[in-house]
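# what's the 3D shape of this:
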Amino acid sequence: MATTINKQRLLNQLFGTANKSEGTTPEARPVLEEFIFGLCRESATVDQAEQAYRSLRQHFFDWNEVRVSSAREVEEVLADLPGSELRAQRLLSFLQEVFETDFSFDLETLHKKGVKQASKHLTRYEAASDYTCAWVVQRSLGGHAIPIDPPTLRCSRRLGLVETDTADVEAIRASLEHLVPKAKGPLFTEVISNLAAEFCWEEEPNCPSCPLAGECASCQEAGGNGLASRGHRAKPR
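Residues are numbered from 1 along each chain as shown. Predicted structure coming up:
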C-alpha cells in the first residue's frame with residue numbers, strides 16, 4: 001500500500017492530467033437539480049450526464065411533468081445512460097417523494113440546515129445513494145465530500161489511494177476526503193472519472209496508454225505489463 005507521501009505525489013500527478021475545463025469551478029445548481037444531475041452522473045461520464053440532464057430539461061416542461069410521466073417515457077430520455085431503467089425509476093421516486101413532502105420542487109431550505117443536517121435529510125429519500133448525497137454536498141451545499149461510484153472506487157483501489165480489501169464505502173470516502181483537499185474535491189471527482197472512462201476499464205484496462213501507469217500500484221504489482229508499448233491505445237469497450 002502506498003505511503004501518505006506517495007499518495008500525495010500520485011494525487012499531484014493525477015491532477016496534472018486534468019484539462020483546462022476540469023480545472024474550472026463548476027457553477028452550483030439548486031439542490032434539487034444537483035441531486036437529479038448526481039443521479040445522472042453516478043457510474044456515467046460527465047458528457048453522458050450532461051447530455052441526459054439537458055434532454056430532461058428539453059423534453060419536459062418542468063419537473064412536475066417529469067413526475068407525472070411514465071417510467072418508460074423517462075427511460076427513453078435517459079437511454080444513453082447505463083442502467084437507464086433503474087435511473088428513471090429513481091428519478092420518478094425522488095420527484096414524487098419531494099412533491100408529497102413539500103408540494104413543490106424546491107429544496108433550497110436545506111442550505112439553512114447546515115451541511116450535516118442537510119446531508120441527513122437527503123439520505124432519507126428512497127432514491128438517494130451515497131454517491132448522490134455526496135455529490136450534492138460537494139457541488140451545492142459547500143461541504144467536503146467525495147462521491148464514490150464503481151469507476152471511482154475501481155481507479156482509487158488500483159492506483160493505491162485506498163485499501164483494496166476495504167468494502168465499506170463510507171470508510172473509503174472518509175479516507176479520500178482526508179487525502180484530497182476540499183478545494184480540489186470536484187477536480188478529483190472529474191479527473192478520476194475520466195481516467196476510468198478512457199483507460200481504467202473494468203475489464204482489460206488500457207494500462208499501456210494510461211498517463212499514471214508508472215505510478216499505478218496495480219500496474220506495478222502486475223510487473224508493469226504494457227509499459228513497453230505505451231504508444232498503443234486499444235479502443236474503449
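
# what's the lowest-mean-pLDDT helix or strand in the chain packed up against?
Between all helices and strands in the chain, the lowest mean by mean pLDDT, DSSP states H and E belongs to helix 217-221, at a mean of 81. Here helix 217-221 touches helix 150-159, going by 3 or more C-beta pairs under 8 Å, 6 or more residues apart in numbering; DSSP states H and E. Quick note: C-beta positions are derived from backbone N, CA and C, even for glycine.

# Show me what the mean pLDDT comes to for the helix it packs on.
Mean per-residue pLDDT for helix 150-159: 94.

# which residues are in contact with it?
With C-beta atoms under 8 Å, 6 or more residues apart in numbering as the test, helix 150-159 has contacts from 10, 14, 43, 146, 148, 162-164, 169, 172, 176, 189, 192-193, 195-197, 200, 202, 205, 212, 215-219.

# Just the C-alphas of the least confident helix or strand of the chain, formatted as CSV.
Coordinates of each C-alpha in helix 217-221 appear next as CSV, following Å, rounded to 0.1, in the frame of the first residue of the first chain:
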residue,chain,number,x,y,z
ALA,A,217,0.1,0.2,-7.7
SER,A,218,-2.0,-2.4,-9.7
CYS,A,219,0.1,-2.0,-12.8
GLN,A,220,3.4,-2.3,-10.8
GLU,A,221,2.2,-5.4,-9.0
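
# residues of it that come out buried?
Ala217, Ser218, Cys219 (16 or more other C-beta atoms under 10 Å).

# can these go into a markdown table with extra columns for distance to Asn19?
Output for the buried residues of helix 217-221, formatted as a markdown table (distance: C-beta to C-beta, whole Å):
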| residue | distance to Asn19 |
| --- | --- |
| Ala217 | 25 |
| Ser218 | 24 |
| Cys219 | 23 |
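
# Among the residues you listed, which one sits closest to Lys182?
For the buried residues of helix 217-221, the closest approach to Lys182 (C-beta to C-beta) belongs to Ala217, at 25.1 Å.

# Give the closest residue to the closest one in space, chain neighbours not counted.
Distance criterion C-beta to C-beta, 6 or more residues apart in numbering; nearest residue to Ala217, sequence neighbours excluded, is Gly160 at 3.2 Å.

# how much space between that neighbour and His111?
37 Å (C-beta to C-beta, to the nearest Å).

# how far is whatever helix or strand Ser119 lives in from where the chain is centred?
Using DSSP states H and E, Ser119 sits in helix 115-123. How far helix 115-123 lies from its chain's middle: 18 Å, per C-alpha atoms, centre = their mean, to the nearest Å.

# Looking at Gly160 and His111, which one has more neighbours?
Gly160 (21 against 14; other C-beta atoms under 10 Å).

# Which positions in the helix holding Ser119 come out as buried?
In terms of neighbour count (16+ other C-beta under 10 Å), helix 115-123 has its buried residues at Ala118, Ser119, His121, Leu122.

# Take these and lay them out in a markdown table including pLDDT.
Putting the buried residues of helix 115-123 into a markdown table (pLDDT from 0 to 100) gives the following:
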| residue | pLDDT |
| --- | --- |
| Ala118 | 97 |
| Ser119 | 96 |
| His121 | 96 |
| Leu122 | 97 |
